[in-house]
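Asks: heads up, no residue letters with this:
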């Protein structure tokens with residue numbers, strides 16, 4: 001938690017960290033604005049129910065989708081309302097813009113809000129300004145801010161360059177975010193260096209869709225071994241043949257159960273016969 005958080009903001013952060021540790025397993029479900037529907041018909045509510053029942057910490061939704069979920073679901077899973085958007089059909093899909101406010105997220109009983117910034121895009125100026133404005137509102141309304149920071153743009157040759165990732169994390173810190181989400185670096189050691197240099201908890205993107213659950217779980221293990229605070233994994237969850245099953249397996253990696261204590265060897269009873 002950032003040192004300046006109010007008691008109300010800390011309470012909301014604790015709702016996100018419902019497993020009682022410092023790690024987060026977030027399932028973004030905001031892809032429908034950028035790419036189109038992620039569920040057939042009105043299947044969002046059962047999906048969120050499945051995620052909650054299998055150990056995910058929070059979901060990311062746009063404001064208009066929240067009313068389609070039974071509010072009782074959010075007693076078992078955190079709600080992050082995403083405030084920025086663009087579609088893949090735009091002249092510049094990297095030009096994110098605000099489509100909701102912190103006040104709206106508060107009315108929806110959100111535990112946190114998120115903003116997407118493409119650092120290096122042609123519209124970087126507006127996105128950074130939006131991040132700063134949202135951070136001010138979050139401070140006023142005592143709600144945590146997740147900054148989704150991606151190096152993307154005409155001058156970005158390698159979006160996984162550790163120097164760029166470190167810059168993205170630093171930018172999120174400077175403008176007042178509480179958690180930063182960035183892509184995975186080229187190597188585990190490079191990611192560890194980025195995490196070690198960040199003042200904020202770092203969670204990483206879940207990676208490209210992979211049909212092999214073993215690869216997905218191995219990726220989660222690598223990012224945790226690098227010291228990250230968790231993962232934001234979307235497509236590898238909601239596009240999986242068994243979303244509940246893969247959610248449970250990822251949750252068990254992010255939040256491992258404490259090892260059972262090893263029982264002490266039996267001690268022979270003392271004999272009273274001398």
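Replies: Ah, there it is. Model, not experiment: these values are computed from the prediction. Numbers count the residues shown, from 1 in each chain.

Asks: and residue 253, helix, strand or coil?
Replies: Assigned by DSSP: H, G, I helix; E, B strand; the rest coil, the conformation of residue 253 is helix.

Asks: what's the neighbour count on it?
Replies: When counting by other CB atoms under 10 Å, one arrives at 18 neighbours for residue 253. C-beta here means a position set from N, CA and C on the backbone, and glycine is covered the same way.

Asks: my read is that it contacts residue 222, right?
Replies: No: assessed by CB atoms under 8 Å, residue 253 is found out of contact with residue 222, at 10.4 Å.

Asks: which residues are in contact with the helix or strand of the chain with the lowest mean pLDDT?
Replies: The weakest-scoring helix or strand in the chain, judged by mean pLDDT, DSSP states H and E, is helix 31-35 (a mean of 86). For helix 31-35, contacts defined as CB atoms under 8 Å, 6 or more residues apart in numbering pick out 38, 62, 65, 85-88, 93, 99, 234-235.

Asks: helix or strand for residue 166, which one?
Replies: Using DSSP states H and E, the element containing residue 166 is helix 162-174.

Asks: list the buried ones in that helix?
Replies: Buried residues in helix 162-174, counted by 16 or more other CB atoms under 10 Å: 162, 164-173.

Asks: can you check stretch 63-83 too?
Replies: Neighbour counts using 16+ other CB under 10 Å place 63, 65-66, 69, 73-74, 77-83 of stretch 63-83 among the buried residues.

Asks: mean confidence score for the helix or strand harbouring residue 215?
Replies: Using DSSP H and E, residue 215 sits in helix 213-225. In this model, helix 213-225 carries a mean pLDDT of 96.

Asks: for stretch 135-154, same thing?
Replies: Stretch 135-154 shows a mean pLDDT of 96 in the predicted model.

Asks: check stretch 235-242 too.
Replies: For stretch 235-242, the per-residue pLDDT averages 94.

Asks: other residues contacting that stretch?
Replies: Outside stretch 235-242, the residues within contact range by CB under 8 Å, 6+ apart are 27, 29, 31, 38-39, 47, 51, 56, 206-210, 213, 216, 243, 246-247, 250.

Asks: same check, this time on stretch 101-113
Replies: Identification of contacts with stretch 101-113 by CB under 8 Å, 6+ apart yields 12-13, 15-16, 58, 63, 66, 71, 74, 78-83, 134, 137-138, 140-141, 143-146, 178-179.

Asks: quick revisit: in ChimeraX, how would I select the buried members of the contacts of helix 31-35?
Replies: To isolate the buried members of those in ChimeraX, using 16+ other CB under 10 Å:
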select :38,62,65,85,86,234,235
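
Asks: tell me the two of the contacts of helix 31-35 that are most distant?
Replies: Based on CB to CB, the longest span within the contacts of helix 31-35 runs between 99 and 235 and measures 21.4 Å.

Asks: now the helices for this structure?
Replies: Along the chain, counting by DSSP state H, helices occupy 7-16, 31-35, 44-53, 102-107, 124-141, 162-174, 188-197, 213-225, 235-238, 243-254.

Asks: okay, the ones you listed, which one's buried deepest?
Replies: helix 235-238 (a mean of 22; mean count of other CB atoms under 10 Å).

Asks: residue contacts, residue 78?
Replies: Neighbour list for residue 78: 15-16, 18, 57-59, 111-112 [criterion: CB under 8 Å, 6+ apart].

Asks: tell me the pLDDT of the closest residue to it other than its chain neighbours.
Replies: Nearest-residue entry for residue 78: residue 58, 3.3 Å, with adjacent residues in sequence omitted and distances by CB to CB, 6 or more residues apart in numbering. Looking at residue 58, its pLDDT stands at 98.

Asks: before we move on, what about residue 208?
Replies: Residue 208 is assigned a pLDDT of 87 by the prediction.

Asks: show me what contacts it?
Replies: Residue 208 makes contacts with residue 235, as judged by CB under 8 Å, 6+ apart.

Asks: at 10 Å instead, please
Replies: The contact partners of residue 208, by CB atoms under 10 Å, 6 or more residues apart in numbering, come to 219, 235-236.

Asks: output the residues you listed in a markdown table; the columns should cover distance to residue 150.
Replies: Shown next, in a markdown table, are the contacts of residue 208 (distance: CB to CB, whole Å):
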| residue | distance to residue 150 |
| --- | --- |
| 219 | 18 |
| 235 | 16 |
| 236 | 18 |
